[in-house]
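> Structure for the following, please:
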Amino acid sequence: MSSTSTDIVIIGGGHNGLVCAFYLARAGLKVTVLEGRHVVGGAAVTEEFHPGFRNSVASYTVSLLAPKIISDMGLAAHGLRIVERRMQNFLPLNDRQYLAAGEGRTKSEVAKFSQKDADCLDAFAQRLGVIAELVRSLLLKPPPNVVTHDWPKAIGEMLKAAPLARDVMALDMQARRDLLSLFGQSAGDWLDSWFESDPIKALFGFDSIVGNYQSPYAPGTGYVLLHHAIGEVNGKKGTWGHAIGGMGAITQAMAGACAELGVDIRVGAPVRDVIVEKDRAAGVSTASGDMVRARAVASNLNPKLLFERLLDPSLLTDEFRERIGRYRCASGTFRMNVALSRLPRFRCLPEDGDHLTAGIIIGPSLRYFEQAYFDARRSGWSREPVVEMLIPSTLDPTLAPEGAHVASLFCQHAAPQLPGGENWDDHREAVADLMIETVDRYAPGFRDSVIARQSFSPLDLERTFGLTGGDIMHGALSLDQLFSARPVLGHGNYRAPIAGLYLCGSGTHPGGGVTGAPGHNAAHEILKDLKRPR
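Numbering: from 1, shown residues only. Next up, the predicted model:
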């Protein structure tokens with residue numbers, strides 16, 4: 001057992017923890033990062049899951065990572081290279097039909113099913129883009145916090161909200177109505193008001209259920225669709241891409257940027273509890289009994305893990321603990337990585353081509369998505385699941401032996417907790433078989449091409465990566481858990497109810513995805529506090 005001291009100790013070496021560490025260290029602070037796993041990166045890691053086959057084993061595609069963070073951290077100089085998919089999305093619909101989406105393709109493809117829908121696409125993209133730009137402008141700004149019984153602070157928070165009010169007032173009436181619709185409606189209702197054909201509604205509607213254990217017709221899914229429209233790759237907005245070397249290339253570059261500034265990153269160092277002295281966070285102790293004392297503590301963990309496992313409950317009010325207990329974490333995700341002896345051949349488009357670099361979505365309609373959700377609610381998992389498959393080795397041959405490939409399968413819906421007290425450990429392989437069979441129905445021979453597979457049930461995602469309930473977003477992106485209310489109203493400014501304790505993970509604004517924004521924003525709030533006299 002040992003005892004060391006630092007300025008800031010960060011719990012969790014996921015991408016947000018590393019971003020937070022970078023900005024704090026750049027300001028001249030001594031920073032220590034403690035990561036429980038054997039490698040930094042959290043869910044954004046690349047690992048060998050079968051001899052010769054490497055893949056992004058959890059997070060699997062890139063778009064939401066803030067360009068400012070990429071630039072500030074000099075990630076390109078630390079080896080990060082991101083490439084676009086040659087086709088954005090490919091939806092095999094049946095034995096003959098498909099929808100291919102991407103620059104210069106989407107409109108003519110949609111016209112195969114509805115000329116009316118094709119004619120609507122430009123207006124839809126323009127109006128969605130206006131709201132996406134508004135949300136994008138908020139990503140790297142702490143939301144105004146809601147305070148009571150402290151007028152000076154309340155006035156300060158109201159002033160912080162003034163630029164947002166100005167931005168909203170600058171929207172024309174059409175955009176204001178669209179903003180209300182996207183935040184209040186379901187994605188299904190929004191898309192039904194625009195389009196008549198199933199394929200285009202499925203293309204956009206898929207984004208409303210990614211990591212979201214809901215029907216696309218549930219209120220609030222309109223925002224989840226919007227959340228996935230705010231990204232960009234290499235300056236091209238609304239585009240998705242691949243990090244050469246997998247998602248771990250992002251976090252390894254981040255770790256390199258941190259190390260350059262002297263950040264002490266320790267792996268295999270799970271935190272046991274937060275040390276609180278005189279009502280202030282004073283450091284942490286690890287599972288091995290080591291102690292790291294610090295001026296402040298920042299947690300990159302899911303808020304439920306921090307407040308329910310690492311803190312003495314008596315340090316929190318009953319009401320706050322009740323709210324954290326109600327914080328909803330459930331994404332319905334079953335994640336797989338497969339080693340392939342060859343590329344799949346789809347019945348509807350059997351030749352090789354750009355479609356194999358795309359996000360391949362098995363889910364032909366909003367009704368199919370909705371039924372998958374209801375099926376999982378009733379019996380634990382979808383018997384006809386939604387599957388997004390990416391084959392990153394089509395863009396990055398370093399991931400697999402020559403002639404072979406790796407694929408990521410992001411599968412929905414799988415209940416975070418199975419009904420009837422069943423355990424995911426007893427059903428994982430049967431569900432994995434179902435996911436493979438689902439792809440095989442559209443691409444015969446896929447099952448026979450699988451050399452090896454790695455499967456993560458919602459329970460596995462929780463145990464391995466700390467994703468409570470298997471929630472890739474660290475908390476549902478619902479209106480009661482967004483912006484100033486993430487994770488709890490009154491603590492939306494990255495500050496916990498205990499002085500010196502901060503949150504820097506995806507359980508804070510602006511939410512999940514590999515954005516780096518929570519880490520960036522938390523660091524700037526920590527720096528503000530440390531510059532003030534206590």
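
> now what about stretch 102-120, what contacts it?
85-89, 97, 99-101, 121-122, 194-200, 354, 358 (CB atoms under 8 Å, 6 or more residues apart in numbering). Where C-beta positions appear, they are placed from N, C-alpha and C, glycine not excepted.

> just stretch 519-534 next, same as before
Outside stretch 519-534, the residues touching it (CB under 8 Å, 6+ apart) are 7-8, 15-24, 27, 29, 66, 68-69, 140-142, 295-296, 298, 300, 493-495, 502-505, 508-509.

> send the alpha carbons of that stretch over as CSV?
Taking C-alpha atoms only, stretch 519-534 is exported to CSV below (Å, rounded to 0.1, in the frame of the first residue of the first chain):
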residue,chain,number,x,y,z
GLY,A,519,-14.5,16.0,-20.2
HIS,A,520,-13.7,19.3,-21.9
ASN,A,521,-16.5,21.1,-20.1
ALA,A,522,-15.8,19.6,-16.7
ALA,A,523,-12.2,20.6,-16.9
HIS,A,524,-13.0,24.2,-17.5
GLU,A,525,-15.5,24.2,-14.5
ILE,A,526,-12.8,22.6,-12.3
LEU,A,527,-10.3,25.2,-13.3
LYS,A,528,-12.8,28.0,-12.5
ASP,A,529,-13.2,26.6,-8.9
LEU,A,530,-9.5,26.1,-8.3
LYS,A,531,-8.8,29.6,-9.2
ARG,A,532,-11.2,30.9,-6.5
PRO,A,533,-10.3,31.1,-2.8
ARG,A,534,-12.1,28.4,-0.8
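
> still on that earlier bit, just the buried ones from the contacts of stretch 519-534?
Buried positions within these, assessed by neighbour count (16 or more other CB atoms under 10 Å), are 7-8, 15-24, 27, 29, 66, 69, 140-142, 295-296, 298, 300, 493-495, 502-505, 508-509.

> I'd like to know which of those residues are part of strands.
Among the buried ones among the contacts of stretch 519-534, the members found in strands (DSSP state E) are 7, 8, 295, 296, 298, 502, 503.

> Among these, which one lies nearest to residue 36?
residue 298 (15.4 Å; CB to CB).

> where do the strands sit along the stretch 201-350 of the chain?
Applying DSSP state E, counting those that start in this stretch to the stretch 201-350 of the chain gives strands spanning 232-233, 236-237, 241-243, 264-266, 271-277, 280-286, 291-299, 334-340.

> So for residue 35, which of the ones you listed sits nearest?
Per CB to CB, nearest to residue 35 of these: strand 264-266, 6.8 Å.

> so what's the nearest residue to residue 291 once chain neighbours are set aside up against?
Nearest non-adjacent residue to residue 291, counting by CB to CB, 6 or more residues apart in numbering: residue 3, 4.4 Å away. Contacts for residue 3 were tallied using CB under 8 Å, 6+ apart; they are 290, 291, 292, 293.

> Show the average pLDDT along whichever strand or helix holds residue 521.
In this assignment (DSSP states H and E), residue 521 forms part of helix 517-531. Mean per-residue pLDDT for helix 517-531: 96.

> same deal with stretch 349-367?
For stretch 349-367, mean pLDDT is 97.

> So what would you say the end-to-end distance of that stretch is?
This stretch, stretch 349-367, spans 24 Å end to end (CA to CA, to the nearest Å).

> And stretch 46-58, by the same measure?
With CA to CA as the measure, the ends of stretch 46-58 fall 8 Å from one another.

> list the buried ones in it?
46, 47, 49, 50, 53, 54, 55, 56, 57, 58.

> quick one: which of these is nearest residue 163?
Closest approach to residue 163 among the buried residues of stretch 46-58 (CB to CB): residue 58, at 35.2 Å.

> Report the rounded mean pLDDT for stretch 213-222.
Computed over stretch 213-222, the mean pLDDT rounds to 96.

> Other residues contacting that stretch?
With contact meaning CB under 8 Å, 6+ apart, stretch 213-222 is reached by 181-191, 205, 208-209, 212, 224, 330-332, 366, 369-370, 373-374, 376, 412-413, 415-416, 476-479.

> What of stretch 249-262?
Contacting residues not belonging to stretch 249-262 are listed as 13-15, 18-19, 21-22, 25-26, 30-31, 33, 40-42, 44-46, 62, 65, 73-75, 78-81, 243, 245, 265, 514 [CB under 8 Å, 6+ apart].

> can you check stretch 185-202 too?
Under CB under 8 Å, 6+ apart, the answer for stretch 185-202 is 91, 93, 97, 99, 110, 113-114, 116-117, 120-121, 124, 181-182, 204-205, 207-209, 215-222, 224-225, 361, 363-370.

> Ends of that stretch, what's the gap?
End-to-end for stretch 185-202, by CA to CA: 17 Å.

> Look up how far residue 278 lies from residue 448.
Note on residue 448: its distance to residue 278, by CB to CB, to the nearest Å, is 65 Å.

> Also residue 5?
Relative to residue 278, and taking CB to CB, residue 5 is found at 17 Å.
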